Each structure stands twice: as C-alpha cells, then as structure tokens.
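Peer 1: Structure of the sequence below:
(chains A, B, C and D, ligands or ions: 5)
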Amino acid sequence: MVSETKKSKIDAIIRASRLIMRMNQANPASPKSEALYYKMLTSYYTCLLNAHDEGKFIAAHTVFFPSEILYAMDIVPMHTETTTWMMALFLGEQAEILSAGAELGLVPEICSPHRGLAGAFSLGALPRPDAMLWSNLICDNTAKSGELIMEINKCPGFYLDHPFQRSETEDKYFLGELEDMICFLEEKSGQKMDWDKLSKIVQRMDHQMELFREIGELRKTVPSPFPNRGFLQLLTTDYLCPGQPEAIEYLEALRDELAEMVRERKGAVSPERFRLMTLFVPPMYLMGFLEKIGQEYGVVSVVEPLFTRWAEGRLDPSQPLESVARKAAMIPERRSMYGPLGQEALQDLVDCAEQYKVDGAVYWAFMGCRHTCATVKLFKDLLNEVDVPVLTIDCDIVDPTINSEAEIREKMEQFFELLEDR
Amino acid sequence: MAIEVTQSNAVMLPTLERFRQINDAFPKTGEILEHKSKGGKVFGWLCTYVPEEILHAAGILPVRVTGYSQEMELEDGNAYLYINNCSFSRSCLQMGLRGEYEFLDGMVAGSTCDGARRLFDLWQYYIKTPFHHILTVPRKYTGKAHDLYYQQVTQFKEHLEEFLGRKIPDEQLINSIEVFNRSRALLKQLYELRKADAPPISGAETMEVLNASFRMPKETFNRWLKDLLEELSKSSITHKGRARLMVVGSVMNNPEFINSIEAQGGLVVTDELCTSTRYWSDPVVVEKGESPVKAISKRYLNNFPCARMVPSDERFNRILNLVKEFRVDGVISQIIRYCVPYAHDLPLLRDRLKEVGVPVLALDVEYGTSGSGQIQTRVQAFLEMIEARKR
Amino acid sequence: MIVAGIDIGSRAAKAVVMNNGAIVSSVTCDTGPESVKTSQMTIARALEGTGLALDDMEYVVATGYGRVLVPFANENISEISCHARGITWYFPEVRTILDMGGQDCKAINCDAEGRVNNFIMNDKCAGGTGRFLEMIADVLNIPLEKIGEAALRSKQAIPFNTICAVFAKSEAIAYLRKGVSKEDILAGLNEAIATRCLNLLKRVSIEKEFTITGGIAKNQGMVAQLREKVGLEPLLSEDPQIIGALGAALFAEDRCRGKAAAVPAKVQYGYSDGTGNYFITIDTGRCDGCGECVPACPSGIFEVAADDNGQLKARVKEDARKKLALLCPGYEVCLSKLGRNCHTVCPREAINHTW
Amino acid sequence: MRALGVDIGSLTTKAVILDGEGIIASSVIASGDESEQSAGNAIDEALKQAGLKKDDGVFIVSTGAGGKDISLSQQSKSLTSCLARGVHRLFPSARMSIDMGAESSTVIKISERGRLNDWVNQDKCAAGTGIFLQQMAKLMQMPLDEMAALSLQAKGRADITSTCAVFAESEVISHVHREPPTPKEDIVAGIYYSVVSRIISLCKRIGIERDVAVTGGVAMNGGLVKILEGELGFAVLVPERPQLVAALGAAVVAQESIEKGISG
Ligand SMILES: Nc1ncnc2c1ncn2[C@@H]1O[C@H](COP(=O)(O)OP(=O)(O)O)[C@@H](O)[C@H]1O
Ligand SMILES: Nc1ncnc2c1ncn2[C@@H]1O[C@H](COP(=O)(O)OP(=O)(O)O)[C@@H](O)[C@H]1O
Ligand code: SF4
Ligand code: SF4
Ligand code: SF4
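Peer 2: Ligands and ions are numbered 1, 2, ... in the order given. I've put the predicted structure just below:
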C-alpha cells in the first residue's frame, strides 16, 4: 500500500483551483460566481486533504451517489470520478492514470473514467478511503467499480442497489437500501446519523434544485447568457456539494448574474448565431476549445437534456430519507440514461428542442459509455422529426489521444456550415 | 494436434445429430413452427434471470433470443445500438430487425446489464412484438432483494395473465417446475460424464445439446437428452486432450469456437457461461407451504450468478468449485468486447485463480466468433504454457 | 544431434540449424505467398554451405503464422512459446518480452526456463506492426533498414492521431506535403506505436529484465522510443528477428533429448485374430518406469528397460508379445481374482487393455 | 462570370466549369504533394478546355480534403455540402448519396431543396474505402477495371471477415493459395462484399432513404456497384462521371455566390 500523503494529488488540485480563484478575484471583468465556484472546489478538497489528520472518516463513492447522507453523518465524501477528472483536467495526468488502469488488467472497452479511477487508486493518487460506496446508478461501470477498489485499498464497502424501474415496492426497496447503508456507515465509522442535519441539507437541496431549474429557464432566452463551459460546473456542483452552503452561494450568484444579462439582452456569445443542444458530455479536456469555437462561430449550448433537466417535484425536509430517495429519481441523468427508456423522457427531449429554440444538436458519443450510445440513433430519429439536425462525434471524455482537436473542429465547422445552409 | 477421439460419434450418437439439426434450422425449427401452427404462442427471453417456468406454465413456448452464429458486419445492429454495445446485443437486434424473430409473440428481459436493457428498449421501439416485459432484477441476495424480486416475478405473471386473458394456476406452475428441474437434472448428469479422464462427449458437442435446449419444447428435449445419455453410456467413444480446460465468460453459443479450442488439443470439460452452467445448474426447490412463484423467484435470484451480482465472490467461489470438481488445468475467459460486467471482474477472477495455481487465458472476442487464426495461436500457446508448467 | 527450427512469419521466414547446442547457421528470407514453398526455400538457404541436408535433421520444429504448413516439420509450436524459449539462449534473466513482428505484437511474461507465464496479443487492427512500418518506409522512400537511424535524427516528433496502417500512411503523406521532415514523421509514428506497445506490456505486467524480439527490434528508432516509454533498458540479442526460429530449434533439441515426448507416445503390443483384438498400450509419456506393474502381473509379461533416450519405461516382454491372449486372461478377470491388476497398481494410469 | 469548382481529393484533383447552361469543361488530374499546385493544374486544364483565361472572370470554390487552405479560390466549402449540391443538380430525386473516394467514404442525406441534411463518414480505419480496393487490386495483380469485370462472373463469395486492410490482405493471400484455390472472381466478390457491408452499415446509421446516388471514384467500379445494389435491394443512380460530382457541387456553390453578387 502506498502512503497517501506522499503520493496523493489532492493538494495539487487545491493549489490549481485556488490559483484560478485568485485570478478570478483579481480580474474585475470576471463574474463573481466564477470565483465562488473555485472557492467551493477549494473547500471541498481542503476538507478531503485534511480529513485523516483531523481523524475524520473518508468515504469514496461513485457518481450520482446520495452524498447528502455522508454530509449529515459528518463523513468526508470523495467523489471518485470527479476527482479523477480534476486530476486529468488540472494536472494533465490522464496518460499516467489510464495506463495504471491498464496495468490492473482493465480492458480499453471499459469506460475511461472508471479505468482511470481504479488506476488513480492503485497509484495512490487519491487518499485512501475508509470505506468504498458504489451503486448501479448510472451504469454497469459504476456497478462494477467498487469491488476492485475495495481490494486495492483493503477497505470495507457497501453497494447501494438502485432498482431499475419505479413502483411502490421498488421505492421501498431503495429506501431499505439507504437504511442499510446508514447502518453500515454507523458501524464502520462509529459516527451517528444526525437526522436534523440531514433535514437541513434536504431543505437546501430542494432550493438547489430550484436554482438549477431557474438557471435552465434563463437559458431559454435569446441570446442565451450561459457560457459553454458552464455546464460542467453545474454538474460538478451537484456531484460534490449537494445541499451545501457553498453550492447555494455559487448558484445564487450565478443565477443573479444570468438574470442581469438577460435583462440587458447580453448573450454569452455575440452575435448568437446557433443554439445547440448538447447530448451527453463533451470531452472534458475540450472545454476551453468549445468556449473558443463558440466565440468564433457564435455558437452556444443552451440545453443538455441528459444532464441539466431536473424532473419536476419538491423535497420534503420533514421526510429527509424519503427525500434523498426521491432526489435520486429526479436526477436528470437517471430519467433518460437509466431505467427503461420511457415515452416521457423521449417527449422531454423533443420539448427541449422547441422550448430552447434549438438549431442543432451535438451528440458526443463517448465510446466507453454503452447505454448512452445506444440511444444515438433513437434520439437522432426523434430530433430529425422536429427538424433538428444532429451531429454525432465519437470521442473519449478524458483521453485526448483518441481524437484530436483538429478533427473535432473539422466536424463542427462542417456542421455549422450545414446549419448555415438551412 | 487435436484432442484424441477414439471413434467417430455420428453412428454411436444419433440423438446428438438430432440436436444439431435443431440448431442448424434455428430460428425456423420444426418444433417452433409446429407449436405456432397449433395456435400456441412463442415468447423470446433474453437473459437467465427471466423465469421460464412462468411462460411454460402459461402454455407458451419459451425460446432464448440469440444472435447470428458467426462473426459478421452487424449493419443494423451497429446503426441502432452503436458499435460500442456488445456484439451479442447487436447481433440479436440485427436478427430481430431483419424479421428473423417475427414469429415471437412476446419478448421478456431482465434489467441485467446495460447491453441487455438497451437491446430491450430498442426492441420495444423498432420491433413491435405484441408483448413486452422487463423485470427489475436486484443485484444483491439480501432478504429485501428477494422480496423485491418475488414482487417482480408476480407482476410479470400478472402482466402475462392480463395479456392472455386467463389465469396461470399453481398446479401448472408446479408441473412446469418439475419439467424444468428434470431438464436441469439431466444436464447435470451429462456434465458428470465430463468429469471422467476421458469423457465420452466433447465440449463442442455438449454445446450443441445446450443450444438445442433453448430452442425446443422442454418435454421433447428431456426425452431426447435421456436418449442421448443412454447412448453415451453404451458408447465406447472417449476424448482425451493435452489439458482439461474450462471456458468462462458471458454468452457464447457457437460450438465452432469450442471446436477450435479442441482442435488444438485443449479438451473443454466444463464452463461457466450464461448459455450453459449458469442456465441449468440450480433446481427450483419448493419448500413446504411455499407458493410456486416464491420458489421460482428464489431460485432465479440465487442461481449461479452472472457477473452483474454483488458480491462477485459468490460467482468466483462457484468457479473455483467447478475448477476443483472437474480437475481443470486452465481457464479460458472469453469476454465479448464491450461487455462491461465480465471485463470488470476479470482482474479479480485472475487473482483468485492464481491463488490455486490455475492460469487464465483472456480472449476478447466478438459474439458468434468461431475462433480465428489469432485465437488459435493464443490457445496453442496457452496449452504449451500449461504443459510446460506440468513438467 | 542436428536439429532445425523454422519460423514462417507473416513478413519474413526464418530458420536456425543447430548441432549439439551450437548454432550452425541462421537465415531470414521474405515470406512468399505460399507457405509450403517458402518453408522449403528457407530451410534450403539455411543448409547452404553447411554440408548438411534436410534428411540429416533429427527433429524440426515449425513456428510462426505458417507453422502448420511446413511439410517437413515434426511438430509445430506457437511463436509465443518459441520467443520465450529462444530468448533464454541469450538472456536467461529476461522476464518481459515484447515481440514485434510483421502483423502482430505480443507482450510475454516468462520465467527463467523460458516458460510462459502470461501473454497478450494485439488484434483487429494492424496499426503499429511491421507491415505498417514497411508501408511508411515506402511512402517516405527510405529503405526499411534505414528508418531506424533516420528517426533517431529527429528533433521534434510530430503527433499522430491515427494508428490505422493505411491512414497513417496518408497522414504521413500530408505531413510530407506540408514540408515536415521525414525524420520527424518517423519519430512521431514510433512514438504512437510505442505507446500502444506499452499498454500491451502493462496488461501482462512489466518485470526486469526486458527484451524486444522480432524484426522491428532491428529498428533502432523504435527501440529508442520503447526504452524511453517503458523506462527499462532492453537487452538486445544480435539478431532479434531469429529468436522465434531459435526457440523452435531449442525445442527440437529438447525433443531429441526426450525431455518431453512431442506427441504423448503410446506403444502398442499385441495382435488381433479371429477371436478379437488383443492389444496392451503403454503410454510412455506417462510411464515413469517405476516397475509396479512387473510383480503385479501373475503372468509376468512386463519388464522395465531403458528406451532410446535412456529413460526407464515399462514394456511387454518380447516373447510374450505374440501370445498375449494366452498369457493374460484380461484385466477385469485379474482384478476379480487377485483384487488387483496392472491397471490398479500403476500409479500413472499408463496401461490399457483392449480386452 | 463563370463558376468553377475544384475538388482536391487525396488521390485526384477535379475541376468543373459551369455557365448558365451547364458544364462547359472539366478536368481530372492526379493530386500532387502540394494542394495549391494540384488545384492550379486542374483549374488551368479546365480553363484551357473551355478556352478561357484566368482573368476572364471566374469565381472559384474549392472543396475536398485539401480544399481549405488554398489561396487560388475565393471561397471554400466542405465536401459534404458540395456533394449535396452536385448530386441535387444531377438527380433532383436523390435523397441520399454515397460518396466513395480514395480515403474516405461519406454518406449524405439531401433535402428536397438540395441542401445537406445529415452526413456520416468512415473514420479511423481504411476498411471500406477506395484505397483499400487499390491495395487489393495490387495484391491480386490485376487492374481495377479488370477486377470489376471479373467480379460480375462470381458464383460464390469468399469470406473476408477482417475489417483491417492489412489483415484482409493476408486473408486474400490464403484464399489464393488454398488447395484448391478459391476462384479469383469469388475472392473479388468477397472483397467487394466486405466494402459494401461497411458502406451499408454507414448508410443505416443515418437511415436509408430513396433515391440513392453513388458518387466518387469508386462509383466507376461497376462490379462493386452491382453488389451494392444487390445488398440494398434496389437500383442506385450513378452519374456518368461520378468522380466529378463534388467539383460540380463546388461550381454550383460558386454560381450561387455569383448570383448573390458576392465576388472575389
Ligand atoms: N533491418 C530492419 N530494420 C528495421 N525494421 C526491420 C528490419 N528488418 C525487418 N524489419 C521489420 O520487421 C518486420 C518483420 O518482422 P518479423 O519478426 O520477421 O515478423 P513475422 O514473424 O511476422 O514475419 C518487418 O515488417 C519490418 O517492419
Ligand atoms: N476506372 C476505375 N474503376 C474502378 N475504380 C476506380 C476507377 N478509377 C478510380 N477508382 C477508384 O476510385 C478511387 C479514387 O476516387 P476519387 O474520388 O478520385 O478519390 P479522392 O476524391 O479521394 O481523391 C480509387 O481509390 C479507386 O478505388
Ligand atoms: S460515462 Fe457512461 S459508462 Fe461511464 S460512468 Fe457514465 S454512464 Fe457509465
Ligand atoms: S455480453 Fe455482457 S454486455 Fe452483453 S448482454 Fe451479456 S452481460 Fe450484457
Ligand atoms: S491384467 Fe493381469 S495378467 Fe493382464 S497384464 Fe494385467 S496383471 Fe497381467
């Protein structure tokens, strides 16, 4: 086992995000929310970095995990996929991490963030967790990630089983799973669940979801005020700090800024020529490029149905655990990526195209993600019916060696030409 | 250097030929057409977590949905499921899209893995089979998981009853359980024969039997299999190889693939596949006072697990037991590319087998492959490696 | 003891002739379209000037892609085993082998005796193989033998996005058109290939010492890239391309020494007459000459003697061979009368009867 | 003002000149190392045919792999858009077109107005492209047209399962030297079939819609087109000079620009 303090890369992430935060603060033109976002990141990772020194219990978990419960139990969460991305993004260490994953014997067909996170653990780049938590929300990769990591870290683990469909019995089963997980955590960490705290987190989470929806509404205006890279930040916020004061602070500031821009009829790009729907996630390492090409061609992503469309509904702080379960069902990703593909999710896609006045859609077909790619054709058929052309780009979301910027630029330019022609 | 066979078996084992004919004719087998012509319904099922007894008790002929028995350009499959879903699901979908499963009156799947559930999603949209059902299959073995799965099986039964417009009585279910258990017991007998030093049946031949078991009425299958066992007991044929091998992995039902291993002298004595051991290994046990549906749901969730289940050690332990029982010298893991559950388990499984000194050959294959030259080279090298170790 | 190993690869055919543990000659020829002809031509070239003929070979082992089509070979063994065996001749300490040939690339992990522990091969796509480099050499108009040196002169390797053998070629052409130097193009390709190889190696686990075999190991540019990517100094033999054939020759020697019988040899004694088949088979691959069967047989038909390789093996006595049915009542009869027979006493299950 | 379209492909460079009536001149030359120069030569050749001089007022639109970075043209347009325009000009009923050039295969969908609606191209692997066919022809030691003619006589079809051009090569070799050897025409049919199945796979990704046109150099390969038709189950439209379609489309774009009054 590698000693974590020697090799863990968390402090490097903190240094990087703190640097960006300072740069933002120093630049009067930069929106206040930017600095708040990096402040949120800094505090999340500082907490993680110091956890073991402060005698705290670290629970590593996969994506879409109800970390509200961890916060309420005063357990320090570590979002494994996001943290691995951060390393890749800020420190440019994809190659090393992915190759460590290969060394464990994980074949290239496995989703790269998951190959990467196993690799990161085996390198000792992530702090050693005291427990590993994982679930089948959202896919087979998340469902299978846990056991290898338990073995690498020699730590206990809990697998949270999400039922596939929704019905009374299935909801009950999930609630039971959450209860069992709390028992597991109480036993392993020696800490108790603080129900009042959970209730407060749920209340803030409810507010947070409202903020997401408000931001979504603001993006419907022409021109859209929200920059292309912003979408990743929204995701990270929910992944890392659900119902946390830092998240609320950032999102409120962001909402106010966007509202202000809408009032002033200012767009994120000007002039705004094409409004895009983004399907699945663009490669993380291309965020800067997308920002640039957006400015160049007047293209702005206005909606990401698979990632930013929260289902309707409210949470009830007086029923905190039920609310945590309910939130899981409202996660945008869950509606179209997990569970049987219902008419409702498909209709929503079409509605989005109309409500957001979308000119075209770009489907980032991430080759590691099987179930999203399986919908490429279906979504394309549906969107074509309402006259929205769809560009599909095969890519890898963290490994820049799969396709070059030039190649993607070429495809996108061609697509803009197509849009122009119409 | 192939496995040594003492005699050609065509004469000795006429029933094996009959099984082979069923497989060659699939999906247009006489048995399926006959059932249809008598006004019977035929349903397709996708995964070993679909309780076949329920269909059988309803008078339906259950047929396992499989893909093309060859490696090919899956034009339709690629278009609809994209190229990164396992070629098994793409191959099945392609057969479906090309109308080769048009005789199906229903399609039943379980939420087993991403590939299977997406295949089901698209089947629902693009291939309009009259009846569709997907069961939520929990990934755990806890009491709560059993309760949930029991509920799911009950709901499935109710959905089916509604579709058929009649009830499925418990007596029918009990009868079906008996038929299926008999089938399982007979298959177990067949596998017992393979424990011998020089078994009377090869791995590729066993696969023919298994394939036929998904594609014909169980009653007939049981009769035939009994005949085959009889013939085997009288036959003087023996098979001997350079090493005793076990094939593990997801789905695989092309006997040619096993044949290409056996052509190198590796005798396949047992396996751990969706299309074999995982299909037949555990019987349904109806405890006193228990409803047949409960007994069925219990068996299906507790059955020899797929890599989707947690903890994986349940599966690993079963594999280790088989390795011991069948005196396995080496394990060939064949994983269809883009099959995530099995690919994720491989590093751990390799470690477990290493502890007991059993080497693993990992092959990434496409569904339907019959074993290319490259695969044969690998198998040959693997056998040489096993022999070198024994020395 | 004169033996030969022949490796019919996808791009080149190699042969090694050995006499009592010393290499007599070795050759490398192009692989023609017909494996049979290629193999005959290759062995003929290898024997040229040695004063030896094909008939003098006691044992020939074939390996490589065309191994099953060598008419004069006594046995075929996969190239994976042969490379591992061959490299021990030079470097017994090698644990990790990267074999880079014409159409495939293999990473092998082996032990001190050249026994393979684990291996992995590329498939589906020939990008990054010897054939690929040949195409590039062709495009750049540099002789294959010179591409290694050329790459070493590069100052700034250019990044390649594709590993498809055919497309990399056109990408290379495009770079040429843009005026990028041939050296830099080669270095860029080598880097892309080395990355792929590293991934293969990682999947079998990299241990010291490390070697590269196969024709591409002659390409210094490639070797330099691999040295850097893998982070280990590869041990290189003087002709890495013949390692497979050398391994095959070493296996042939082993066979001659009877270390292991090539085909599990079975010796049959007996006859058939109007009343039935009377054969006793002794599996000499299994028999270790323990002699348990000799006293166990009430008719005393067995004896133990040294075989051609000087190993002790059981056999049926000369004078008993013609009258087996008279001497031996059948093993089941023995068992029921005496409670034991030659089958039950043999610890290695080497004896079989037909009656 | 005349409209000139130039398509700089990886293998050949094509130029087409249009006036109000129709095509007045065209040229096909081998692409050289320099896109600029290839384009220049093709343009000069076409102008010569038309009896025109550069300063006679031509508006040039370039397209193709090398079309973007040349200074000779007043405008550049992507290959897919030009193909759509070109095909629409020739076959207004075509809703889909398969373009098979040397190093890429592109399938496009065309709206009723002749605009590009959707496209997909063969990426990252040479299987199923013209250059693959050329390599195979070299291997079979016969010219492309002879090979095409031969395929029409095939009774069977050799199995060529490898998708990688290099591996397919060794499959072909093993067919040639099999005992008894697979008939040459069957091998050729097998090769064509492997290309066709890839192409159809591409088509299916965006959904096949009739009528279908086939363009690019490979469309001159009658044998392949026949197999393609067989697999599609209906006849396709093949222009008289399929190689020129993209250049024609570029010329159409040039004409539109002239009409809109944009000039260089
Ligand atoms: N002198 C050389 N310099 C560089 N590369 C070489 C040289 N000789 C052979 N090669 C490379 O080695 C390859 C053949 O390797 P080899 O191991 O013989 O392959 P195979 O066994 O598959 O025929 C050729 O394709 C070529 O790329
Ligand atoms: N006469 C012919 N018969 C059959 N195929 C041909 C013929 N001429 C060219 N081809 C095919 O067309 C391809 C070149 O197509 P082309 O459209 O000129 O390519 P690009 O535009 O990419 O340069 C060649 O690779 C070859 O396969
Ligand atoms: S990207 Fe797809 S495969 Fe990867 S974790 Fe997410 S849902 Fe799973
Ligand atoms: S092969 Fe793997 S991915 Fe495909 S259906 Fe089976 S378990 Fe799922
Ligand atoms: S069966 Fe009896 S008599 Fe025959 S060889 Fe064996 S011990 Fe001897």
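
Peer 1: Write out the residues of chain C neighbouring chain A.
Peer 2: C:159, C:161, C:195, C:198-199, C:202-203, C:205 (C-beta under 8 Å from any C-beta of the partner chain). Backbone N, C-alpha and C define where each C-beta goes, glycine included.

Peer 1: helices or strands up against the one helix or strand C:Arg315 maps to?
Peer 2: Using DSSP states H and E, C:Arg315 falls within strand C:312-316. Applying 3 or more C-beta pairs under 8 Å, 6 or more residues apart in numbering or on different chains; DSSP states H and E, we find strand C:312-316 packed against strand C:266-273, strand C:276-283, strand C:302-306.

Peer 1: and of those, who's closest to D:Asp159?
Peer 2: strand C:266-273 (37.8 Å; C-beta to C-beta).

Peer 1: and the closest one, how far from the chain's centre?
Peer 2: Distance, stretch centre to chain centre, for strand C:266-273: 34 Å (C-alpha atoms, centre = their mean, to the nearest Å).

Peer 1: Could you list the domains of the chain?
Peer 2: Picking chain A for this. Chain A is divided into the following domains under automatic domain parsing: A:4-192, A:196-421.

Peer 1: was after chain C, sorry
Peer 2: Taken from automatic domain parsing, chain C resolves into C:2-86+C:241-256, C:96-236, C:276-354.

Peer 1: hmm, back to that, columns mean neighbour count, mean pLDDT and distance to chain B on top of the helices and strands packed on strand C:312-316, output as TSV?
Peer 2: Listed next are those as TSV, based on neighbours: other C-beta atoms under 10 Å in any protein chain shown; pLDDT from 0 to 100; distance: least, C-beta to the nearest C-beta, whole Å:
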stretch	mean neighbour count	mean pLDDT	distance to chain B
strand C:266-273	14	74	10
strand C:276-283	17	79	10
strand C:302-306	15	86	20
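
Peer 1: nearest to B:Gly40, of the ones you listed?
Peer 2: strand C:276-283 (51.8 Å).

Peer 1: quick one: that closest one to strand C:312-316, angle?
Peer 2: Between strand C:276-283 and strand C:312-316, the angle comes out at 170 degrees (axes from the mean of the first three to the mean of the last three C-alpha atoms, to 10 degrees).

Peer 1: relative to strand C:266-273, how tilted is strand C:276-283?
Peer 2: Per the same axes, to 10 degrees, the angle that strand C:276-283 makes with strand C:266-273 is 170 degrees.

Peer 1: pLDDT weak spots in chain A?
Peer 2: A:1-7 (pLDDT under 70).

Peer 1: Please repeat the previous calculation with a cut-off of 50.
Peer 2: A:1-5 (pLDDT under 50).

Peer 1: about what we covered before: same list (the helices and strands packed on strand C:312-316) but as TSV, adding distance to chain D.
Peer 2: TSV is the format used below for the helices and strands packed on strand C:312-316 (distance: least, C-beta to the nearest C-beta, whole Å):
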stretch	distance to chain D
strand C:266-273	31
strand C:276-283	34
strand C:302-306	43
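
Peer 1: I'd like those laid out as CSV, including distance to B:Asn317.
Peer 2: Shown next, in CSV, are the helices and strands packed on strand C:312-316 (distance: least, C-beta to C-beta, whole Å):
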stretch, distance to B:Asn317
strand C:266-273, 38
strand C:276-283, 35
strand C:302-306, 45
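
Peer 1: Save those as a markdown table, and put in distance to ligand 5 too.
Peer 2: Below are the helices and strands packed on strand C:312-316 laid out as a markdown table (distance: least, C-beta to the nearest ligand atom, whole Å):
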| stretch | distance to ligand 5 |
| --- | --- |
| strand C:266-273 | 10 |
| strand C:276-283 | 7 |
| strand C:302-306 | 7 |
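
Peer 1: Of the ones you listed, which is nearest D:Leu52?
Peer 2: Per C-beta to C-beta, nearest to D:Leu52 of the helices and strands packed on strand C:312-316: strand C:266-273, 87.5 Å.

Peer 1: ok, for A:Trp134, nearest residue in space, not its chain neighbours?
Peer 2: Excluding the flanking residues, the one nearest A:Trp134 by C-beta to C-beta, 6 or more residues apart in numbering or on different chains is A:Gly146, at 3.6 Å.

Peer 1: does any part of the helix or strand harbouring the one you found sit near ligand 3?
Peer 2: Using DSSP H and E, A:Gly146 sits in helix A:140-153. Yes - Helix A:140-153 reaches ligand 3 (C-beta under 6 Å from any ligand atom) through A:141-142.

Peer 1: contacting residues around whichever helix or strand comes after that helix?
Peer 2: Going down the chain from helix A:140-153, the next helix or strand is strand A:157-160, by DSSP H and E. Contact with strand A:157-160 is made by A:65-66, A:131-135, A:137, A:143, A:146-147, A:149-150, A:177-178, A:180-181, A:184-185, B:139-140, B:310-311, as judged by C-beta atoms under 8 Å, 6 or more residues apart in numbering or on different chains.

Peer 1: The same query, at a cut-off of 7 Å, please.
Peer 2: A:131-135, A:146, A:150, A:177, A:181, A:184, B:140, B:310 (C-beta atoms under 7 Å, 6 or more residues apart in numbering or on different chains).
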